[in-house]
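Student: Provided below are the primary sequence and the corresponding predicted coordinates.
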Amino acid sequence: METQSVNQGMSELSKRLLSTLLVLGANSPEKALTIEEVATKLGMHRSTIEPELRALVEAGYARQDEIRGSFRVCLTGTGIITASSTYS
Amino acid sequence: MRIFMLSWEYPPRIIGGLARHVEGLSSALTELGHELHVITLDFPGAPLEEQTENLWIHRVAVNVPAPTFHTWVLLFNHFFEKRVGQLAKEFGRPDVVHFHDWLTVPSGVAVKHLLRAPSVMTFHSTEASRSSDSRSPESTMVEGLEWWGSYEAGKVIGVSEWMKAEVASRFKTPEGKVVSIPNGVDVSKFKKKVDVQATRTKWRVQDGEKLITAVGRLTSQKGFDDLLKAYPQIRRSFPACRLLVMGDGYMRAELEALAEAEKVRSATTFAGFVSDNDLVAAIKSSDVVAVPSRFEPFGIIALEAMAAGVPVVVSRVGGLAEIVENDVDGLEVEPNSPASLADATVKILSDQGLAKELVTKATEKVKSYNWESAARKTLAVYGDAISESRYE
């Protein structure tokens, strides 16, 4: 599995993560998902997706907040638009 | 007339030209006295319900997770149907339902049959041209939905003559069913005064530097890679210049890497998505706006630059070739040709007389592209769809 950072080129995994957050409805802090939940949906291990998610947060496509005692991620406006940008 | 307009994007959810189109058209239709309900998707920070006089924006939240993008699209269409059902109960049956692109075909067709509503579909693009005739299962589904929409809609609109011809030939749409109505542009938005100096400072444009601006989603379709390949050649003639790329998308990192490889990264600003005010200010502060698309059903950014009084260099493709008359109100170049793009850009930057002449003609031309005119033409199409509807 490619795990290139978004700063070097958006990997297929990063695109998949953005798309997954979009289709799971994680587009606001209220609907944010834990990293475990995202990993489960993708059938991957948490350690595989965590660095990619962190890079997406750093690049402004996603945000991570501590909600209900755990770190959860959701898309930002930029992330939603980017995840949708193939189809407009 | 009560109109239900279905669109997956509406400001501030601006993914492509579709959002601008629905915003401009809806606003013009309400100014002509019609009752407009836009049913669209939610977006962070935007209210679920908004109303300004006769214009209602109903933003729908999708509360069921989907496994893939394409199943998510089908799901949000069901949520649209539910909202339309509620609206029909609250406001009454629509006189017409107008849906845009494949993304809202399922709900558009459902509303047509369930509410016995005359229907109109607008094509802003087609999957075949967007995906270069990909035969992936997803593309096959999208193309199927496009055909279905063109078949079920009482009338079909293409946003350019090129789009009309593409729909007619690809989906074998009967003669007379599909018409072309070009997008409009809100000229007043581009006539407002902007602080050019502050804008240029914001985007790191030094005194005496030329500013080349490109706007759009960072996808292959937009051809920004060609612009970056052309940029070193432009800089040989104009070492003091800056390229401002406004927009975001999956290609962003790839384009940043290309700028590094072409040794122009420090002279390029990737601004990401920007506000409307920043966009207008940047365009108005530019010396040239480049639209190097490989495929463009309409190309609203060219029209916006023309409205702003900035010379344009565009690819000779699709709707762009209809908007711009080469050497009269802009310069056209061959698509996929960085050399030709560089030549045309240098020509404008080095000949102020030519730039002025192009802008004068463009300013005149752009007056014919207004939303009121597009709205009146759309109303005529609604009238035809209503009179020919088999449900009446």
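Tutor: Cool, the structure landed.
Student: can you list the weak-confidence ranges in chain A?
Tutor: By pLDDT under 70, the weakly predicted segments of chain A are A:1-9, A:86-88.
Student: Do a quick rundown of the strands in it.
Tutor: Along chain A, counting by DSSP state E, strands occupy A:33-34, A:62-67, A:70-75.
Student: cool, chain B as well?
Tutor: Under the criterion DSSP E, chain B contains strands at B:2-6, B:35-41, B:49-52, B:55-60, B:96-100, B:119-123, B:155-158, B:178-180, B:210-215, B:241-246, B:268-272, B:288-291, B:312-315, B:331-333.
Student: among these, which is nearest chain A?
Tutor: strand B:268-272 (6.5 Å; C-beta to the nearest C-beta). C-betas here are computed from N, CA, C, even on glycine.
Student: That closest one and chain A, are they touching?
Tutor: Yes. Applying C-beta under 8 Å from any C-beta of the partner chain, one finds strand B:268-272 in contact with chain A at B:Gly272.
Student: For the strands of chain B, could you give me CSV that also reports mean pLDDT and mean neighbour count?
Tutor: Below are the strands of chain B laid out as CSV (pLDDT from 0 to 100; neighbours: other C-beta atoms under 10 Å in any protein chain shown):
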stretch, mean pLDDT, mean neighbour count
strand B:2-6, 98, 26
strand B:35-41, 98, 23
strand B:49-52, 97, 10
strand B:55-60, 98, 20
strand B:96-100, 98, 29
strand B:119-123, 98, 27
strand B:155-158, 98, 25
strand B:178-180, 97, 19
strand B:210-215, 98, 24
strand B:241-246, 97, 23
strand B:268-272, 95, 19
strand B:288-291, 98, 28
strand B:312-315, 98, 29
strand B:331-333, 98, 24
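Student: can you redo the ones you listed as TSV with distance to B:Gln352?
Tutor: Formatted as TSV, the strands of chain B follow (distance: least, C-beta to C-beta, whole Å):
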stretch	distance to B:Gln352
strand B:2-6	44
strand B:35-41	43
strand B:49-52	42
strand B:55-60	43
strand B:96-100	41
strand B:119-123	40
strand B:155-158	37
strand B:178-180	35
strand B:210-215	11
strand B:241-246	15
strand B:268-272	24
strand B:288-291	12
strand B:312-315	15
strand B:331-333	14
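Student: so what's B:Leu349 up against?
Tutor: B:210, B:212, B:234, B:237-238, B:241, B:287-288, B:355 (C-beta atoms under 8 Å, 6 or more residues apart in numbering or on different chains).
Student: Which residues of the stretch 151-300 of chain B lie near chain A?
Tutor: B:217-219, B:248-254, B:257, B:272-273.
Student: Quick check: which of the strands of chain A is buried the most?
Tutor: strand A:70-75 (a mean of 21; mean count of other C-beta atoms under 10 Å in any protein chain shown).
Student: ok now it, how far from the chain's centre?
Tutor: Put simply, strand A:70-75 sits 9 Å off its chain's centre (C-alpha atoms, centre = their mean, to the nearest Å).
Student: go on, stretch B:161-170?
Tutor: Worked out by C-alpha atoms, centre = their mean, stretch B:161-170 lies 17 Å from the chain centre.
Student: shaky segments in chain B?
Tutor: For chain B, the ranges with pLDDT under 70 are B:133, B:391-392.
Student: quick check: longest helix of it.
Tutor: Once chain B is assigned using DSSP state H, the helix that runs over the most residues is helix B:69-91.
Student: right, is that one up against chain A?
Tutor: Yes. Legend: contact between helix B:69-91 and chain A by C-beta under 8 Å from any C-beta is shown at B:69, B:71-72.
Student: Could you list the domains of chain B?
Tutor: Following automatic domain parsing, one gets these domains for chain B: B:2-184+B:370-388, B:187-366.
Student: Need those domains in JSON lines (columns: distance to A:Thr20).
Tutor: Putting these into JSON lines (distance: least, C-beta to C-beta, whole Å) gives the following:
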{"stretch": "domain B:2-184+B:370-388", "distance to A:Thr20": "9"}
{"stretch": "domain B:187-366", "distance to A:Thr20": "14"}
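Student: nearest to A:Arg63, of those?
Tutor: Evaluated over the domains of chain B, closeness to A:Arg63 peaks at domain B:2-184+B:370-388, with 9.4 Å, by C-beta to C-beta.
Student: tell me how far the closest one is from the chain's mean position?
Tutor: From the chain centre to the centre of domain B:2-184+B:370-388 is a distance of 14 Å (C-alpha atoms, centre = their mean).
Student: Now do that domain: distance from first to last residue.
Tutor: Start-to-end span of domain B:2-184+B:370-388 (C-alpha to C-alpha, to the nearest Å) is 17 Å.
Student: Now for residue 48, how many residues are close by?
Tutor: No chain specified, so I'll use chain A. Residues within reach of A:Thr48, counting by other C-beta atoms under 10 Å in any protein chain shown, total 13.
Student: wrong one, I was asking about chain B
Tutor: B:Leu48 has 12 neighbours, counted by other C-beta under 10 Å.
Student: Spatially nearest residue to it, not counting backbone neighbours?
Tutor: Nearest residue to B:Leu48, sequence neighbours excluded (C-beta to C-beta, 6 or more residues apart in numbering or on different chains): B:Arg59, at 4.7 Å.
Student: what bridges to the nearest residue to B:Val324 once chain neighbours are set aside?
Tutor: Once flanking residues are discounted, B:Val324 sits nearest to B:Gly330: 3.9 Å by C-beta to C-beta, 6+ apart. Going by DSSP bridges, B:Gly330 is paired in beta bridges with B:Asn326.
Student: Roughly how far does the residue nearest to B:Leu48 sit from B:Tyr10?
Tutor: 8 Å (C-beta to C-beta, to the nearest Å).
Student: Between these two, which contacts overlap?
Tutor: Listed as contacting both B:Arg59 and B:Tyr10 by C-beta under 8 Å, 6+ apart are B:Thr40.
Student: For the residue of chain B found nearest chain A, grab phi and psi.
Tutor: Residue nearest to chain A within chain B (C-beta to the nearest C-beta): B:Gly16, separated by 3.3 Å. Phi and psi for B:Gly16, reported as degrees, to the nearest 10, are phi -150, psi -160.
Student: Pull the contacting residues for it.
Tutor: For B:Gly16, the contacting residues are A:85, A:88, B:9, B:124-125, B:217, by C-beta under 8 Å, 6+ apart.
Student: Mind giving me the PyMOL select for these, buried ones only?
Tutor: In PyMOL, this line selects whichever of the contacts of B:Gly16 come out buried by 16 or more other C-beta atoms under 10 Å in any protein chain shown:
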select buried, (chain A and resi 85+88) or (chain B and resi 9+124+125+217)
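Student: In the contacts of B:Gly16, find the pair that's most separated.
Tutor: So, the contacts of B:Gly16 by C-beta to C-beta: farthest apart are A:Ser85 and B:His124, at 14.0 Å.
Student: burial measure for B:Gln221, as a count.
Tutor: 23.
Student: rewinding a little: I figured the residue nearest to B:Leu48 was touching B:Gly45, is that so?
Tutor: No. Using C-beta atoms under 8 Å, B:Arg59 makes no contact with B:Gly45, being 10.9 Å away.
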